[in-house]
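**Q** sequence isn't available, so here's the structure alone:
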């Protein structure tokens with residue numbers, strides 16, 4: 001068992017080049033991971049791990065989700081393998097990195113008990129990034145019309161576990177969230193240039209059928 005993971009989780013083992021602690025890759029295709037012992041940020045180069053930096057202790061939060069948890073979305077099983085943490089004026093949220101059983105990836109946004117699952121839209125839709133996006137604007141993404149609901153400047157708080165790209169040492173990031181009346185959800189992530197667009201839907205927590213959750217006082221909340 002590796003620190004911070006449900007006891008049943010298995011995967012490919014490696015060794016942290018900084019402290020020598022065991023590193024467990026739940027997802028064999030990960031580009032970046034973190035050491036749960038010395039907080040090193042580790043980037044993969046074939047079979048080797050390179051320490052590129054460090055993160056502070058994972059900030060405490062009230063999310064029951066953790067690395068190694070499993071669930072389902074749209075009849076597709078997934079495993080939670082990592083996360084990016086952000087904070088803004090009204091609180092903080094997690095972007096949990098999901099690896100689906102079919103080999104594709106997605107994200108579970110966990111913001112004050114509001115849950116949304118999204119996947120990367122490719123090719124990216126044409127949106128007026130150059131002149132900015134404003135609340136109330138509407139755009140067609142895929143087969144639905146979305147309206148800009150919020151524009152958020154968020155501060156990067158840290159990373160944990162496995163990601164499909166190198167991502168750490170960020171400062172502020174702008175996100176533009178869009179919604180439809182039918183609870184579909186999209187977000188524009190300005191951490192990259194050109195920005196990335198993710199689309200999916202809001203989901204009820206119970207519908208995700210999550211297992212391997214973190215146990216702590218106060219969860220689950222009273223009904």
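**A** Cool, the structure landed. It should be emphasised that the depicted structure is a prediction, and the values quoted were computed from it without experimental measurement. Numbers count the residues shown, from 1 in each chain.
**Q** distance of residue 51 relative to residue 45?
**A** The spacing between residue 51 and residue 45, counted by C-beta to C-beta, to the nearest Å, is 12 Å. (Glycine included, C-beta is placed from N, CA and C.)
**Q** of those two, which one has the most company?
**A** Neighbours per residue, other C-beta atoms under 10 Å: of residue 51 and residue 45, the larger number sits with residue 51, 15 against 8.
**Q** tell me if I'm right that that one and residue 39 touch.
**A** No. With contact defined as C-beta atoms under 8 Å, residue 51 does not reach residue 39; the gap is 10.4 Å.
**Q** how many neighbours does residue 98 have?
**A** 26.
**Q** quick check: bridge partners of it?
**A** Here residue 98 sits in beta bridges with residue 80, residue 106, going by DSSP bridges.
**Q** was I right to think it contacts residue 82?
**A** No. Here residue 98 lies out of contact with residue 82, judged by C-beta under 8 Å, at a distance of 9.3 Å.
**Q** neighbouring strands for the longest strand seen in the chain, and are they parallel or not?
**A** For the chain, the longest strand by residue count, based on DSSP state E, is strand 144-161. If you go by DSSP bridges, strand 144-161 pairs up with strand 76-88 (antiparallel), strand 138-141 (antiparallel), strand 172-179 (antiparallel).
**Q** name the residues of the lowest-mean-pLDDT helix or strand in the chain that are buried.
**A** Sorting the helices and strands of the chain by mean pLDDT, DSSP states H and E puts strand 12-15 at the bottom, at a mean of 86. Neighbour counts over strand 12-15 (16 or more other C-beta atoms under 10 Å) mark residue 14 as buried.
**Q** only the buried residues of whichever helix or strand comes after that strand, if you could.
**A** Using DSSP states H and E, the next helix or strand after strand 12-15 towards the C-terminus is strand 22-25. By neighbour count on 16+ other C-beta under 10 Å, the buried set for strand 22-25 is 23, 24, 25.
**Q** again, but for stretch 75-83
**A** Buried residues in stretch 75-83 (16+ other C-beta under 10 Å): 78, 79, 80, 81, 82, 83.
**Q** and residue 38, which helix or strand is it part of?
**A** Counting by DSSP H and E, residue 38 is found in no helix or strand.
**Q** what stretches of the protein score poorly on pLDDT?
**A** Residue ranges of the chain with pLDDT under 70: 1-11, 130-131, 218-223.
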